[in-house]
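Undergrad: pasting the sequence and the predicted coordinates here, then a few questions.
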2 protein chains.
Amino acid sequence: MWRDLAPIGRSTSSGGYFRQPWLSAELELRAWFREAAEARGLEVEEDPFGNLVAWWGPAGPSVLTGSHLDSVLDGGAYDGPLGVVSSFAALDLMRERGVQPSRRLGVAAFVEEEGSRFGRACLGSRLAVGATTWADAAGLTDRDGVRLGDVIEGGRSTLLDGVATYVELHVEQGRGLIELDAPVGVHSAIWPHGRYRYDIAGRADHAGTTRMEDRVDPMLTYAMTALAANKQARVQGQRATFGRIDVRPNGTNAVPSHVTAWLDARAESDAALASLVTAVEKQAVERAERDGTTVTVTAESVSGEVAFDAALRDSLVARLGGVPVLPTQAGHDAGILQDAGIPTAMLFVRNPSGVSHSPYETAETADCLAGVEALADALSGLVTGEVAGEVAGEVAG
Amino acid sequence: MWRDLAPIGRSTSSGGYFRQPWLSAELELRAWFREAAEARGLEVEEDPFGNLVAWWGPAGPSVLTGSHLDSVLDGGAYDGPLGVVSSFAALDLMRERGVQPSRRLGVAAFVEEEGSRFGRACLGSRLAVGATTWADAAGLTDRDGVRLGDVIEGGRSTLLDGVATYVELHVEQGRGLIELDAPVGVHSAIWPHGRYRYDIAGRADHAGTTRMEDRVDPMLTYAMTALAANKQARVQGQRATFGRIDVRPNGTNAVPSHVTAWLDARAESDAALASLVTAVEKQAVERAERDGTTVTVTAESVSGEVAFDAALRDSLVARLGGVPVLPTQAGHDAGILQDAGIPTAMLFVRNPSGVSHSPYETAETADCLAGVEALADALSGLVTGEVAGEVAGEVAG
């Protein structure tokens, strides 16, 4: 399966992936998903938002696994696809072993998990569970001004009706398993996180003729804010990043009139996130006063902490022989489903580079196979009722 | 003439101008130039690079005036067009007054003066005098990857053959005339200036899961460099600006892999420019060591000081009744022609906002009329031989 996926949407210069939803690379991945399902005799269901599930076994209460196929801009090969590929591989393994499911098993590929095109992370799963309404999402635009409502028809999803449990496998995006020397782990929770847009307004001026003391330069306010975010995150033990910036007019010989930049902030608790975000904004406003600029901060999305289902987690850890349990700082569709009341668990596979959202992201074959083994084991327990996953019938819709 | 020009290439949101060479707004301005020349019975000559001259009077040694029609991104109305409009108006005034030219007078519009599309300032005049070769320029690309060689045919210009003197009128781009309370001045020299590209390489990473201490974030190196440039310019009494930046992948939830940014630096002497540029690079490299990033600095263009022809300047100042003489920190086609051996002078008109390369740039009607009066006076002296401008025959080509 990796051989088929490796070239799709890959940049020849960086080696990274550009798999934005509903553009050619991602459409090719969706076609691949349908072929993989068809080759296994699985029925594929697609909802009006483009979320896909390949079903196996009898209708009724279902166990869902899977992940997503889209990537961040210039992302790695594993973030998303590892979960989808491992799900198909786990299903193959369960069949080889003659597992007889008493519950239906679905392999899912949620759309626009990264928010790399329309700016809202986990958009597909949010729409599927109703956490985001179609009326709200239809008006989202990409960087070229294309409306989501003009890309897909939208409507109402029934894809997750009857899903009683969700298990997502993902490549690790940090160094936890490297340090613990383990191939596979289970996530306990997702850190609270948010995206905050900084609009910094100054005054355009000639870069040569305007005296330094006569300038109102928003780039200076931005630069100090980016350094302040880094420092505050270090001091408080949390995470803060300015990775995206839009400068107007962005000319070499003009003092900018406007800088827009996005703060990505994550923290171990809601209170820690609020403290971090407040500290960065305070320093930005202080610097703006000095520069004569104005700063407006808009929270584009803020997610509170998600604790995964404790009973499910404990059963899985026991079944997998005491694998490590760690929180993650990354948002996932698993968090959206858990928040929507579907008991959810996450497995994660060691990443020797420790980096993600980067062409350097990697995973070793032995660890990936250990991940498939663990996932097959967990799913076998769930579809046969051996693992005590909650099966509450109609949970979400 | 202003009524005709005002709407062309104007942004409805900022009120600023987007007049990049060989795109629709600038092509409309070129058509306007031809109409203005035709209405006055002037013959228009265009060279293979798109530089235009409208000629009046007998063939032979010529006096050239004019400026440019293109703008920076989101620029003001006067930078460039004021010189072209004032040249036509001065010619009208000279005719009204019955000036009998013994030398030919040309009104010029040089192309891509701002370097806003192909990144090299004064490109048209550089090509016209041969300071830049066509072989070199043809490979320049704009932000969309379009090659200059695919936009124009190029070749060799004979437009300036026989030009013995050049006088350019320009809106002031600083506060000199405001402080001296004078409507018109003469420039003594152009400060040395340069554009330096900073390529800062780091490592892309997940913005949430990567610990602060594990990052190699080029945005931090950039931010410190932008602040250092500002500080060094203040301390040394010179000018430094980071107004343009390009971030990869420029995603909210990714630590960037690469930041490219452009330093615009200007100083009162070549030594002062070298000192400024060295100090900024030193601080960038120091910060890069701390961040684990690498910095590569490329000088894209560096221009030494240009002192305008002293004899011409003194004659003009005397003829105009002792107007103020000040240097400028901005590059101009006048500097290119002076450097190519054509005795050149610059007149400039007060700008009450003190700002340029900005929608706020302005000029009062009375000051503009004083500028036209001064230009007509200067040109009348030159075309009749009353002012001792050097007329050396074939100077450039």
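TA: Perfect, thanks for sending it.
Undergrad: A:R10: what's it in contact with?
TA: Shown in contact with A:R10 (Cβ atoms under 8 Å, 6 or more residues apart in numbering or on different chains): A:G16, A:Y17, A:F18. Quick note: C-beta positions are derived from backbone N, CA and C, even for glycine.
Undergrad: tell me which of those residues fall in strands.
TA: Using DSSP state E, the members of the contacts of A:R10 that fall within strands are A:Y17, A:F18.
Undergrad: which of the contacts of A:R10 lies closest to chain B?
TA: Using Cβ to the nearest Cβ, the shortest approach to chain B within these belongs to A:G16, at 7.3 Å.
Undergrad: look up how far A:A6 lies from that closest one.
TA: 12 Å (Cβ to Cβ, to the nearest Å).
Undergrad: quick one: which of the two has more around it?
TA: For the pair A:G16 and A:A6, the greater number of neighbours falls to A:G16 (26 against 11), based on other Cβ atoms under 10 Å in any protein chain shown.
Undergrad: circling back: keep only the contacts of A:R10 that also lie close to chain B.
TA: Among the contacts of A:R10, the residues lying close to chain B (Cβ under 8 Å from any Cβ of the partner chain) are A:G16.
Undergrad: output the contacts of A:R10 as TSV; include the columns pLDDT.
TA: As requested, the contacts of A:R10 are arranged in TSV below (pLDDT from 0 to 100):
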residue	pLDDT
A:G16	90
A:Y17	92
A:F18	92
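Undergrad: any idea how far apart the tips of stretch A:66-85 sit?
TA: The first and last residues of stretch A:66-85 sit 8 Å apart, counting by Cα to Cα, to the nearest Å.
Undergrad: again with stretch A:16-30
TA: With Cα to Cα as the measure, stretch A:16-30 spans 19 Å from end to end.
Undergrad: flag every buried residue along that stretch.
TA: Within stretch A:16-30, the residues scored as buried using 16 or more other Cβ atoms under 10 Å in any protein chain shown are A:G16, A:Y17, A:F18, A:R19, A:Q20, A:P21, A:W22, A:A25, A:E26, A:E28, A:L29, A:R30.
Undergrad: name the nearest of the residues you listed relative to chain B.
TA: Nearest member of the buried residues of stretch A:16-30 to chain B, counting by Cβ to the nearest Cβ, is A:G16, at 7.3 Å.
Undergrad: about what we covered before: which of the contacts of A:R10 lies closest to A:S71?
TA: Closest approach to A:S71 among those (Cβ to Cβ): A:Y17, at 4.3 Å.
Undergrad: contacting residues around the residue nearest to A:V349 when sequence neighbours are not counted?
TA: Once flanking residues are discounted, A:V349 sits nearest to A:G371: 4.0 Å by Cβ to Cβ, 6 or more residues apart in numbering or on different chains. Going by Cβ under 8 Å, 6+ apart, A:G371 touches A:L82, A:S86, A:L169, A:P183, A:V184, A:L347, A:V349.
Undergrad: among those residues, who's most crowded?
TA: A:S86 leads those on contacts (other Cβ under 10 Å) with 31 neighbours.
Undergrad: state whether it is indeed within a strand.
TA: No. Assessed with DSSP: H, G, I helix; E, B strand; the rest coil, A:S86 is helix; it does not lie in a strand.
Undergrad: pretty sure it is touching A:L169, no?
TA: Yes. Here A:S86 lies in contact with A:L169, judged by Cβ atoms under 8 Å, at a distance of 4.8 Å.
Undergrad: before we move on, the earlier item: would you turn the contacts of A:G371 into JSON lines with distance to A:D47?
TA: Listed next are the contacts of A:G371 as JSON lines, based on distance: Cβ to Cβ, whole Å:
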{"residue": "A:L82", "distance to A:D47": "23"}
{"residue": "A:S86", "distance to A:D47": "22"}
{"residue": "A:L169", "distance to A:D47": "22"}
{"residue": "A:P183", "distance to A:D47": "34"}
{"residue": "A:V184", "distance to A:D47": "30"}
{"residue": "A:L347", "distance to A:D47": "25"}
{"residue": "A:V349", "distance to A:D47": "28"}
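Undergrad: A:S353: neighbour count?
TA: Look at A:S353: counted by other Cβ under 10 Å, it has 18 neighbours.
Undergrad: then A:E38?
TA: When neighbours are counted by other Cβ under 10 Å, A:E38 registers 12.
Undergrad: same thing with A:I152?
TA: Neighbour number of A:I152 under other Cβ under 10 Å is 17.
Undergrad: which residues touch it?
TA: Residues in contact with A:I152 (Cβ under 8 Å, 6+ apart) are A:W22, A:P48, A:F49, A:G50.
Undergrad: from chain B, how far out is it?
TA: Distance, A:I152 to chain B, by Cβ to the nearest Cβ, to the nearest Å: 22 Å.
Undergrad: mind checking the SS state of that residue?
TA: Strictly by three-state DSSP, A:I152 counts as coil.
Undergrad: repeat for A:A233
TA: Once three-state DSSP is applied, A:A233 turns out helix.
Undergrad: cool, A:Y196 as well?
TA: strand.
Undergrad: hey, what's it bridged with?
TA: Beta-bridge partners recorded for A:Y196 (DSSP bridges): A:L263, A:A299.
Undergrad: same deal with the one 10 residues further on?
TA: When bridges are assigned using DSSP bridges, the partners listed for A:H206 are A:A254.
Undergrad: you'd agree A:S11 is up against A:D74?
TA: Yes. A:S11 is within contact range of A:D74, at 6.4 Å (criterion: Cβ under 8 Å).
Undergrad: more crowded one of those two?
TA: Taking neighbours as other Cβ under 10 Å, A:S11 and A:D74 compare with A:D74 leading, 25 against 13.
Undergrad: OK, contacts around the more buried one?
TA: Counting by Cβ under 8 Å, 6+ apart, A:D74 has contacts A:11, A:14, A:16-18, A:358-359, B:204, B:248-249, B:251, B:254, B:257.
Undergrad: how far does the strand or helix carrying it sit from its chain's centre?
TA: For A:D74, the host element (DSSP states H and E) is strand A:73-75. Computed by Cα atoms, centre = their mean, to the nearest Å, the separation of strand A:73-75 from the middle of its chain amounts to 13 Å.
Undergrad: beta-bridge partners for A:V163, please?
TA: In this entry, A:V163 is beta-bridged to A:S62, by DSSP bridges.
Undergrad: what's the burial count for it?
TA: 28.
Undergrad: and it, how far from A:S188?
TA: In this structure, A:V163 and A:S188 are 22 Å apart, going by Cβ to Cβ.
Undergrad: okay, helices next: where are they in chain A?
TA: A:2-5, A:24-39, A:81-96, A:123-129, A:134-137, A:176-180, A:218-236, A:270-291, A:310-319, A:333-339, A:365-384 (DSSP state H).
Undergrad: and of these, who's closest to A:V111?
TA: helix A:123-129 (3.5 Å).
Undergrad: can you name every helix or strand that the closest one contacts?
TA: Secondary-structure packing of helix A:123-129 (3 or more Cβ pairs under 8 Å, 6 or more residues apart in numbering or on different chains; DSSP states H and E): strand A:104-110, helix A:134-137, helix A:333-339.
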